[in-house]
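Asker: I would like the atomic coordinates for the input below:
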Amino acid sequence: MKKLLASTCLVFGLAGAAHAADCGTVSVAVHNVQSAEVLAYVDKFILENGYGCTVETMPGDTVPSTTSMVEKGQPDISPETWVDLLPEIVPRGLAEGKIVMGAPALPDGGVQGWWIPKYVADAHPDIKTISDALKHPELFPDPEDSSKGVIFNGAEGWGATVVTAQLYKAYKAADQGFNLMNPGSAAGLDGAIAKAYERQEGFITYYWAPTSLLGKYEMVLLKFDAEHDPDEWKRCITNLSCPDPKVAAWPVDKVFTVLTKQFADSTSPEILAYFNTRGWTNDTVGRLMAWQTENQAAGEEGAKHFLEENKDLWKAWVPAEVAEKVEAAL
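Answerer: Below you'll find the model as predicted:
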């Protein structure tokens, strides 16, 4: 999509109002993931009200949106892109000059692993690693058999469920008095966590961040007792039939904002600077998603709530004159 450009304005460094008039139409992918959806609408609000852009949103997700950006040049922006899901497309797009990387959308990265409730971690500060936790099955009683500890697995069909089952083997958790509970579905897992948390019971569970559930229920990620090993991960950790998995840490997924090269080259330096700066922590977006879930709020409502409640954070992403315009629009 062609942008309305005025290179003369850039040369002479005119004020933000002049740049706003030059922004033109920008296409932004709205992924069908809650964290990505609300970030897209934060970008939309700031671009439209702070920089004078016209933002067109289009449905998408990491794989189809990024592939389309590389092959078709559209959309202009994918706000939350899990780049590790595209091990061939992203490097090719960068090498061919079709896309550029902005700032990390999630500087913490996409995090998966085994978590325990914060109230358990606070009461037992010696528990830092998975091995530490597995020494104490009595702190994480299985609701079906209190003589055993419990680890909640993921839902049927998830790759993470296979990984957790293999790590359960690798850690010899059964020998240490733990059962692996299969909740059957995502709703079953969330229900088991919510029930145990509301009762202030101990448990170990697979989960990932950022999510609304971890925004609502404060949890602590257990450290692995080994570094990530890509070879072991491929050989055995992701293969349920493999009988002898070795302990290896879950990799942290890299999550970036991705722009088409055409958009990056044609937009104003101020807007490019915004996308090279903007990002939020898993805790921040987790709390926001929890608010959305509790209030049945869609992405646009969540974006406005974030902008109203976190002014110190987002004002650091933009110049003062842009922040004034966004705040006035709120």
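Asker: Over to residue 234: give its phi and psi.
Answerer: Here is the backbone geometry of residue 234 (degrees, to the nearest 10): phi -70, psi -40.
Asker: The one 10 residues further on too?
Answerer: With angles defined as degrees, to the nearest 10, residue 244 sits at phi -130, psi 60.
Asker: neighbouring contacts of the helix or strand residue 195 falls within?
Answerer: Assigned by DSSP states H and E, residue 195 belongs to helix 186-198. Applying C-beta atoms under 8 Å, 6 or more residues apart in numbering, the contact partners of helix 186-198 are 117, 143, 152-155, 181, 183, 202-203, 205-207, 213, 217. C-beta here means a position set from N, CA and C on the backbone, and glycine is covered the same way.
Asker: quick one: it to chain centroid distance?
Answerer: 21 Å (C-alpha atoms, centre = their mean, to the nearest Å).
Asker: about what we covered before: out of the contacts of helix 186-198, what pair is the most spread apart?
Answerer: Greatest spatial distance in the contacts of helix 186-198: 155 and 202, 21.8 Å, computed using C-beta to C-beta.
Asker: Please spell out which residues along the helix holding residue 195 are buried.
Answerer: 188, 189, 190, 192, 193, 196, 197 (16 or more other C-beta atoms under 10 Å).
Asker: One more: stretch 155-165?
Answerer: In stretch 155-165, counting by 16+ other C-beta under 10 Å, buried: 155, 160, 161, 162, 163, 164, 165.
Asker: If you average the pLDDT over that stretch, what comes out?
Answerer: The average pLDDT within stretch 155-165 is 93.
Asker: swap in stretch 123-133?
Answerer: 98.
Asker: ok, now stretch 54-74?
Answerer: Stretch 54-74 comes out at a mean pLDDT of 95.
Asker: What is the least confident helix or strand in the chain?
Answerer: helix 7-12 (a mean of 34; mean pLDDT, DSSP states H and E).
Asker: re the thing from before, tabulate the buried residues of helix 186-198 in CSV, adding columns for pLDDT and distance to residue 320.
Answerer: What follows is the buried residues of helix 186-198, written out as CSV (pLDDT from 0 to 100; distance: C-beta to C-beta, whole Å):
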residue, pLDDT, distance to residue 320
188, 96, 49
189, 96, 45
190, 96, 42
192, 97, 48
193, 97, 43
196, 97, 47
197, 97, 42
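Asker: ok so, going back, give me the buried subset of the contacts of helix 186-198.
Answerer: By 16+ other C-beta under 10 Å, those give 117, 152-155, 181, 183, 202-203, 205-207, 213, 217 as buried.
Asker: Let's see which of those end up in strands.
Answerer: 117, 152, 181, 205, 206, 207 (DSSP state E).
Asker: For my notes, please list these in a markdown table and give pLDDT and distance to residue 271 for each entry.
Answerer: Listed next are these as a markdown table, based on pLDDT from 0 to 100; distance: C-beta to C-beta, whole Å:
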| residue | pLDDT | distance to residue 271 |
| --- | --- | --- |
| 117 | 98 | 42 |
| 152 | 98 | 44 |
| 181 | 97 | 48 |
| 205 | 98 | 41 |
| 206 | 97 | 39 |
| 207 | 96 | 35 |
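Asker: Can I get the residues you listed in JSON lines including distance to residue 170?
Answerer: JSON lines is the format used below for these (distance: C-beta to C-beta, whole Å):
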{"residue": "117", "distance to residue 170": "23"}
{"residue": "152", "distance to residue 170": "17"}
{"residue": "181", "distance to residue 170": "18"}
{"residue": "205", "distance to residue 170": "17"}
{"residue": "206", "distance to residue 170": "14"}
{"residue": "207", "distance to residue 170": "19"}
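Asker: for those residues, which one is nearest residue 73?
Answerer: Using C-beta to C-beta, those come closest to residue 73 at residue 207, 36.7 Å.
Asker: Residue 186 versus the closest one, what's the distance?
Answerer: To residue 186, residue 207 is 11 Å away according to C-beta to C-beta, to the nearest Å.
Asker: what does residue 147 give?
Answerer: Distance from residue 147 to residue 186, by C-beta to C-beta: 28 Å.
Asker: Same question for residue 253.
Answerer: 19 Å.
Asker: Equivalent analysis for residue 300, please.
Answerer: Taken as C-beta to C-beta, the span from residue 300 to residue 186 is 25 Å.
Asker: likewise residue 97?
Answerer: Taking C-beta to C-beta, one finds residue 97 at 39 Å from residue 186.
Asker: Would you mind giving the domain segments of this structure?
Answerer: 7-108+254-329, 111-237 (automatic domain parsing).
Asker: residues contacting residue 252?
Answerer: By C-beta under 8 Å, 6+ apart, the neighbours of residue 252 are 108, 109, 110, 111.
Asker: dump the residue contacts of the spatially closest residue to the last one that is not a sequence neighbour.
Answerer: With sequence-adjacent residues excluded and distances taken as C-beta to C-beta, 6 or more residues apart in numbering, residue 111 is closest to residue 209, at 4.6 Å. Counting by C-beta under 8 Å, 6+ apart, residue 209 touches 108, 110, 111, 221, 282, 286.
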